[in-house]
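1. Just to be clear, the model below is a prediction. Sequence and coordinates:
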Amino acid sequence: MASVSSRLVFYFPGFDPLDAAAHHRRYERSAAQSGKTFGLDYAVGPVREVEAGSRVEAVSISDGQETKSTIYIHDHNSIISDLRAPPIWKQILLGFKAGAEIITSGAAFRYFRHAWRFGLFFLFPYLLIFTGLLLAALIAILPLLLHVSPFLCLLSVPVAWLFFDKGVIPFSGRFHTLHLFADWRFALMVGRNEPVARAWIEDKAQKVLLALQTSSDEVLFVSHSMGASLALAVAGRVLELKPDAFDGRNVSFVTLGGAALQCAFIAKAARLRESIGTLARHGEVTWFDIQCLSDPIHLYKCNTAHLTGHGDAGQPKIVRIKFKHSLSDERYRKNKLNFLRMHRQYVLGSDRKSGFDFTLLTAGPLPAASFGGLKSDVPPPAFQ
């Protein structure tokens, strides 16, 4: 198989509360670990802010063959940070409002219909905070329930507040609950094509077009989690602005634990669904979706193009992997019940050779399209 000498990568991260600099540090750690696993030498440069975005230069050397990858990290952390700025009580109120709108839009019903585990993930932060509020309320009215002096509520109400503020909120922080509330609010913005989301998409599309002026052996759009919706929206906008932008460019579009349907199932997400169709019908784009059963935070076995009304288009291939093939037994046992940790594993380092590795995909010598035919338990032939 021919090696890739140069690669242009557009990386759209998922829900983690990380900016480009933090994603870069994670990538450095993953590259160091994966390099040892696959016997590759990786050199990951610093993240630099340039006109085309947050850019990282990565070089891999395998059997004397050098591969240079220019990686642009298109994170949306600034938007999430703005959504997290209000007081906690307001974040909770707006989070529940967003959840109600997800339900009334019909999206929640579709989550459960097509991927019930993702439906449970949607409910999880709301059930957690609601249970905490309910327990706090019971503490507050405990004197009334016990038929003792109502003046004792002067003590029980502050105790209830302390229970919620110092107990429930820190405990829920382990699961990034308030961050998930902000994530669902942003999902609504993306689905409804609201100004904040539209401005972000327009800015990234312009940056992608600028970066595409650089020649490369291949172009890789890779996204994780909710980043799939953003990558699709940006790619769709790029093709609106310049229909021939991908012509002759050997483009691969890879979603990892893809949750594009998180936004695309929202009733008013017509423009996002249109972008999905545009990409699915593009003859020069290789699109595949890497999924893992151990990860409940994506729409497992769901075909994004088909379920958004594009059954007549070329369908992205669903490629299934198992994290137990890329992790040591100890590491897998330690993390397999941590659903947030499992969801991150797509973009973390491997300590066992397998068919998929994020650094190998984005900075290694193999063509990105070759991972569309991977077998989870079998390393690529060049690394067996």
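-> Cool, got the structure.

2. all contacts plus neighbour counts: C-alpha atoms, from now on.
-> Noted.

3. what's downstream of the least confident helix or strand in the chain by mean pLDDT, the next helix or strand?
-> Lowest on mean pLDDT, DSSP states H and E among the helices and strands of the chain sits helix 339-344, with a mean of 89. For helix 339-344, the following helix or strand on the C-terminal side (DSSP states H and E) is helix 358-363.

4. contacts for that next one?
-> Contacts to helix 358-363, defined as CA atoms under 8 Å, 6 or more residues apart in numbering, come from residues 7, 9, 27, 30-31, 34, 58-60, 67-69, 220, 346-349, 366-368, 371.

5. if you set the cut-off to 6 Å instead, what comes out?
-> 31, 69, 347, 368 (CA atoms under 6 Å, 6 or more residues apart in numbering).

6. With stretch 110-122 instead?
-> Taking CA under 6 Å, 6+ apart as the rule, stretch 110-122 contacts 296-299.

7. buried residues in stretch 352-366?
-> By 16 or more other CA atoms under 10 Å, the buried positions in stretch 352-366 come out as 352-366.

8. Tell me the buried residues in whichever strand or helix holds Phe109?
-> Per DSSP H and E, Phe109 falls inside helix 107-114. By neighbour count on 16+ other CA under 10 Å, the buried set for helix 107-114 is 107-111, 114.

9. Just confirm Phe288 is within a helix.
-> No. With DSSP: H, G, I helix; E, B strand; the rest coil as the criterion, Phe288 is strand rather than part of a helix.

10. Who does it form a beta bridge with?
-> Val254, Lys317 (DSSP bridges).

11. Now for it: which residues touch it?
-> Counting by CA under 6 Å, 6+ apart, Phe288 has contacts 254, 316-318.

12. Can I get those in a markdown table including pLDDT?
-> Shown next, in a markdown table, are the contacts of Phe288 (pLDDT from 0 to 100):
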| residue | pLDDT |
| --- | --- |
| Val254 | 97 |
| Pro316 | 90 |
| Lys317 | 92 |
| Ile318 | 94 |
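
13. thinking again about what came up before, identify, from the contacts of helix 358-363, the entry nearest to Leu146.
-> Val347 (52.6 Å; CA to CA).

14. what sits against the closest one?
-> So, once contact is read as CA under 6 Å, 6+ apart, Val347 ends up touching Phe358.

15. Okay, now the unreliable bits of this protein?
-> By pLDDT under 70, the low-scoring segments of the chain are 1-2.

16. can you give me the strands in this protein?
-> Using DSSP state E, the strands found in the chain span residues 6-12, 41-50, 53-62, 65-73, 218-224, 251-256, 285-292, 317-321.

17. Show me how far the shortest one is from its chain's centre.
-> Spelled out, it's strand 317-321. Strand 317-321 has its C-alpha centroid displaced from the chain centroid by 16 Å (CA atoms, centre = their mean, to the nearest Å).

18. same deal with the fourth one?
-> Relative to its chain's centre, strand 65-73 lies at 21 Å (CA atoms, centre = their mean).

19. That strand to strand 6-12, inter-axis angle?
-> Relative orientation of strand 65-73 versus strand 6-12 (axes from the mean of the first three to the mean of the last three CA atoms, to 10 degrees): 30 degrees.

20. cool, the fifth one as well?
-> In this structure, strand 218-224 runs at an angle of 20 degrees to strand 6-12, with the same axes, to 10 degrees as the basis.

21. what lines up beside strand 218-224 in the sheet?
-> strand 6-12 (parallel), strand 251-256 (parallel).

22. would CSV of those with mean neighbour count and distance to Ala231 be doable?
-> Output for those, formatted as CSV (neighbours: other CA atoms under 10 Å; distance: least, CA to CA, whole Å):
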stretch, mean neighbour count, distance to Ala231
strand 6-12, 24, 6
strand 251-256, 25, 9
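
23. Could you dump those into CSV with distance to Val148 added?
-> Converted to CSV, the strands paired with strand 218-224 look like this (distance: least, CA to CA, whole Å):
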stretch, distance to Val148
strand 6-12, 57
strand 251-256, 57
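
24. Now do the buried residues in the least confident helix or strand of the chain.
-> So for helix 339-344, counting by 16+ other CA under 10 Å, buried means 340, 342-344.

25. for the residue nearest to Ile318 when sequence neighbours are not counted, what are its contacts?
-> Distances taken as CA to CA, 6 or more residues apart in numbering place Asp289 nearest to Ile318, at 4.9 Å, with adjacent residues excluded. Each residue near Asp289 by CA under 6 Å, 6+ apart is listed here: 254-255, 318-319.
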